[in-house]
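Q: Need coordinates for the below:
(one chain, ligands or ions: 1)
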Amino acid sequence: MTTTLSKAAVLEALAAVVGANHVLTNANDLEGCLVDWRGRYRGEAVCIVRPGSTEEVSAVVRLAAKAGFAIVAQGGNTGMCAGATPMTGARPALVLRLDRMNRIRWVSPLGDSIAVDAGCILAQVQAAAEGVDRLFPLSLGAQGSCHIGGNISTNAGGTAALRYGTMRDLVLGLEVVLADGQVLDLMTALRKDSAGYELKHLFIGAEGTLGVVTGATLKLFSRPRQRAVAMAKLMSIADVLKLLNLTRSRAGERIAAFEVMNREQIQVIAEKVAHITVPFPLDTEWYALIELADISPEPPIAGMMEALLAEAFEQELVADALLAQSETQAESFWKIRHSVSEGSKAAGYVVSHDSVVPLFEQGTFVTEVEARIRALRPDARIVMHGHVGDGNIHILAIIPPVADPEERFRQVDEINAIVDDVTARLRGSISAEHGIGYANMQRFARVTPPLEIELMVRTKRMLDPDNLFNPGKLFDM
Ligand SMILES: Cc1cc2nc3c(=O)[nH]c(=O)nc-3n(C[C@H](O)[C@H](O)[C@H](O)COP(=O)(O)OP(=O)(O)OC[C@H]3O[C@@H](n4cnc5c(N)ncnc54)[C@H](O)[C@@H]3O)c2cc1C
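A: Numbers count the residues shown, from 1 in each chain. Next up is the predicted model:
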């Protein structure tokens with residue numbers, strides 16, 4: 001679509017909608033939103049627009065459509081694949097930031113639900129749930145800055161997905177501004193609804209390509225009254241999986257998290273992140289972080305954890321284990337886990353992966369990918385961490401920096417090809433929770449069956465015929 005409006009006229013019209021203070025054009029303001037969290041990609045935008053209501057979002061969308069501007073919705077800009085970076089080529093882009101739309105609309109303990117603006121920060125929603133003695137379970141390292149709109153649009157997973165599912169499982173209803181400015185009001189709090197297609201699921205995980213999410217109704221849960229957190233040392237990924245299996249048998253629904261890191265990962269964190277205490281010598285290959293939680297305060301859940309670890313010792317699955325003796329110690333264990341992204345980012349050029357495979361294929365996946373990357377790149381540090389209970393171990397190869405972009409691309413793609421090959425063979429997916437964004441487009445095209453891509457492209461054309469929303473992401477239109 002071509003525009004007949006000058007840039008100045010568009011800025012003036014936007015200011016008339018949201019207020020002049022909320023159309024930001026100076027370089028300092030723009031800087032933070034032009035670069036992705038990992039610092040890999042840099043985009044361009046004419047302005048940041050900060051609407052204060054759904055009606056204002058709708059008016060901005062109509063205006064952008066008329067002016068031929070692209071709209072790139074941005075939450076906390078903590079995404080891992082440059083999905084929120086404005087990479088719109090020759091087309092002028094406006095970055096739509098919903099940080100002023102941060103109201104808790106209502107919360108109902110009886111309905112176990114909460115309705116929020118999409119610009120709410122995740123930690124704010126967790127706190128609002130806690131305020132009515134409930135739990136909003138999505139939990140991830142960026143929870144102090146990522147937005148609910150971003151969490152929905154990436155279908156975020158995090159450390160509690162094993163127990164409560166991903167964001168897709170936590171959304172009851174949605175409010176979305178469509179490409180023609182209409183507001184699709186699906187803000188239901190229903191637990192069951194079999195009337196027709198479940199439209200909200202189109203927008204969850206769509207990475208801002210189909211509409212702007214402006215509000216959501218989310219599920220709440222009973223709040224755990226006690227937890228027990230332990231770190232266990234294990235010799236192999238096979239033992240990690242056996243321990244997961246044993247934990248499932250003994251603790252069932254009380255497993256709040258089951259995360260792993262390999263030795264190299266913890267070493268990187270210890271080297272690069274301040275105030276980290278590693279509680280034991282790093283003399284085994286794998287480290288599991290297990291949290292059990294119970295909504296009942298009695299009997300002490302630490303007893304269940306102790307019995308589990310004792311049984312694991314007897315079966316020679318764990319070499320050593322530490323049960324946190326206080327909340328402070330439990331938090332210090334979690335701090336190690338939550339520092340993986342910061343540590344890896346500081347350690348060099350990271351080729352990171354977000355593959356997920358069926359749980360029963362996870363041992364094969366990790367062993368084969370690690371061996372093939374080591375054979376290809378003996379100079380790489382291979383760090384692994386993640387959500388083993390979900391089949392989603394992030395494998396990262398940290399390689400020496402390469403200045404020439406073409407050579408860097410070649411080296412990165414060689415490593416990606418290994419991961420993608422094993423992922424596809426085991427019927428996995430290259431993105432469990434981070435999305436495709438800009439960074440993974442070529443890989444997505446390579447591994448996804450043409451019929452699936454075709455249906456996605458048709459859906460995009462139907463909902464956004466002028467490619468207004470986040471062009472240049474997911475797939476090439
Ligand atoms: C330290 C750290 C740890 C992390 N750990 C995890 C983890 O364990 N699990 C996990 O899943 N992720 C993790 N992430 C990645 C990231 O935090 C999530 O992807 C998060 O959901 C992104 O939210 P955001 O608000 O920052 O979105 P952004 O990065 O701003 O945007 C992400 C995508 O959503 C779109 N979008 C944003 N808001 C809207 C909206 N209102 N309407 C439509 N589209 C929108 C954007 O256009 C973009 O495509 C981590 C990131 C960091 C920095």
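
Q: What residues are bridge-paired with the closest residue to T159 other than its chain neighbours?
A: Of all residues not flanking T159 in the chain, A257 sits nearest, at 4.8 Å (Cβ to Cβ, 6 or more residues apart in numbering). Any C-beta I mention is one placed from the backbone N, CA and C, and that applies to glycine too. Beta-bridge partners for A257, by DSSP bridges, are E291.

Q: Identify the residues contacting A257.
A: Taking Cβ atoms under 8 Å, 6 or more residues apart in numbering, we find A257 in contact with 159-160, 162-163, 289-291, 389.

Q: next one: L241
A: Neighbouring residues of L241 by Cβ under 8 Å, 6+ apart: 359, 362-363, 388.

Q: Repeat that for P401.
A: By Cβ under 8 Å, 6+ apart, P401 lies in contact with 348-349.

Q: Which secondary structure state does it sit in?
A: When classified by DSSP: H, G, I helix; E, B strand; the rest coil, P401 comes out as coil.

Q: swap in L322?
A: Look at L322: counting by three-state DSSP, its state is strand.

Q: Is stretch 424-440 positioned near the ligand?
A: Yes: among the residues of stretch 424-440, 433-434, 437 lie within reach of the ligand under Cβ under 6 Å from any ligand atom.

Q: Quick check: closest non-adjacent residue to the residue in the stretch 101-250 of the chain that the ligand sits nearest to.
A: The ligand sits closest to G150 of the stretch 101-250 of the chain, with a gap of 2.1 Å, by Cβ to the nearest ligand atom. Excluding the flanking residues, the one nearest G150 by Cβ to Cβ, 6+ apart is G75, at 2.8 Å.

Q: The one you found contacts Q143, correct?
A: No: using Cβ atoms under 8 Å as the test, G75 is too far from Q143 to be in contact (11.9 Å).

Q: what about E285, distance to R337?
A: 17 Å (Cβ to Cβ, to the nearest Å).

Q: sorry, back to before: G75 and Q143: which has the busier surroundings?
A: Using other Cβ atoms under 10 Å, the more surrounded residue of G75 and Q143 is G75, with 29 against 20.

Q: Quick one: residues contacting that one.
A: With contacts defined as Cβ under 8 Å, 6+ apart, G75 is in contact with 84, 97-98, 118-119, 146-151, 153.

Q: Show me which of those residues are buried.
A: Buried residues within the contacts of G75, counting neighbours by 16 or more other Cβ atoms under 10 Å: 84, 97-98, 118-119, 146-151, 153.

Q: Between all of these, which two are separated the most?
A: Taking Cβ to Cβ as the measure, the buried ones among the contacts of G75 span a maximum distance of 15.3 Å, between R97 and N151.

Q: ok, for Y41, nearest residue in space, not its chain neighbours?
A: A82 (4.2 Å).

Q: Surely the one you found touches G39?
A: No: look at A82 against G39 with Cβ under 8 Å: they stay out of range, at 10.1 Å.

Q: just to revisit the earlier point, between E285 and R337, which is the more surrounded one?
A: Of the pair E285 and R337, R337 is the one with more neighbours under other Cβ under 10 Å, namely 22 against 17.

Q: measure the more buried one to the ligand for me?
A: Computed as Cβ to the nearest ligand atom, to the nearest Å, the R337 to the ligand distance reads 9 Å.

Q: show me what contacts that residue?
A: 159, 259, 261, 289, 385.

Q: Can you report phi and psi for the first one?
A: The one in question is T159. Main-chain dihedrals, T159, degrees, to the nearest 10: phi -80, psi -10.

Q: okay, now it: neighbour count?
A: 24.

Q: Reduced to three states, what does H385 come out as?
A: For H385, the assignment made with three-state DSSP gives strand.

Q: Also E175?
A: Following three-state DSSP, we place E175 in the strand state.

Q: Now it: closest residue in space that isn't a chain neighbour?
A: G215 (3.6 Å).

Q: low pLDDT regions in this protein?
A: 1-4 (pLDDT under 70).

Q: which residues does the nearest residue to V107 once chain neighbours are set aside form a beta bridge with?
A: Distance criterion Cβ to Cβ, 6+ apart; nearest residue to V107, sequence neighbours excluded, is I114 at 4.4 Å. Following DSSP bridges, I114 is listed with bridge partners V107, L218.

Q: follow-up on the earlier one: what's near enough to touch the residue nearest to Y41?
A: Here A82 is in contact with 36, 38, 40-41, 437-439 (criterion: Cβ under 8 Å, 6+ apart).

Q: just the strands in the stretch 351-477 of the chain please.
A: Assigned by DSSP state E, counting those that start in this stretch, the strands in the stretch 351-477 of the chain fall at 381-387, 392-399.

Q: Take those strands and write them to CSV, including mean neighbour count.
A: Output for the strands of the stretch 351-477 of the chain, formatted as CSV (neighbours: other Cβ atoms under 10 Å):
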stretch, mean neighbour count
strand 381-387, 23
strand 392-399, 24
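
Q: Out of those, which gets nearest to the ligand?
A: Judged by Cβ to the nearest ligand atom, the one of those that comes nearest to the ligand is strand 381-387, at 7.3 Å.

Q: Mind giving me the packing neighbours of that closest one?
A: Packing contacts for strand 381-387, counted by 3 or more Cβ pairs under 8 Å, 6 or more residues apart in numbering; DSSP states H and E, involve strand 255-262, helix 263-272, helix 340-346, helix 362-376, strand 392-399.

Q: Can you tell me the SS state at D180?
A: Applying three-state DSSP: D180 is coil.

Q: What's the local residue count around it?
A: 14.

Q: how about the nearest residue to Q126, chain neighbours excluded?
A: Per Cβ to Cβ, 6+ apart, closest to Q126 is F136, 5.1 Å.

Q: which residues touch the one you found?
A: Counting by Cβ under 8 Å, 6+ apart, F136 has contacts 114, 125-126, 128-129, 170, 218-221.

Q: Y164 versus that one, what's the distance?
A: With Cβ to Cβ as the criterion, F136 and Y164 are 9 Å apart.

Q: Find residues that contact each of the two.
A: Taking Cβ under 8 Å, 6+ apart as the contact rule, the neighbours common to F136 and Y164 are 170, 221.

Q: re earlier: so the residue nearest to Y41 versus the ligand, what's the distance?
A: Separation of A82 from the ligand (Cβ to the nearest ligand atom): 8 Å.

Q: what about that residue, which SS state?
A: Recorded secondary structure, A82: coil (three-state DSSP).

Q: Likewise for M231?
A: State at M231, reduced to three classes by three-state DSSP: strand.

Q: hang on, isn't S113 packed against L172?
A: Yes: using Cβ under 8 Å, S113 is in contact with L172, at 5.9 Å.

Q: Overlap in contacts, these two.
A: By Cβ under 8 Å, 6+ apart, the residues touching both S113 and L172 are 189, 217-219.

Q: Kindly reformat those residues as CSV and extend each row with distance to the ligand and neighbour count.
A: Shown next, in CSV, are the shared contacts of S113 and L172 (distance: Cβ to the nearest ligand atom, whole Å; neighbours: other Cβ atoms under 10 Å):
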residue, distance to the ligand, neighbour count
A189, 20, 16
T217, 15, 24
L218, 14, 26
K219, 17, 21
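
Q: Return the closest of the residues you listed with respect to E311.
A: For these, the nearest to E311 is K219 (33.3 Å; Cβ to Cβ).
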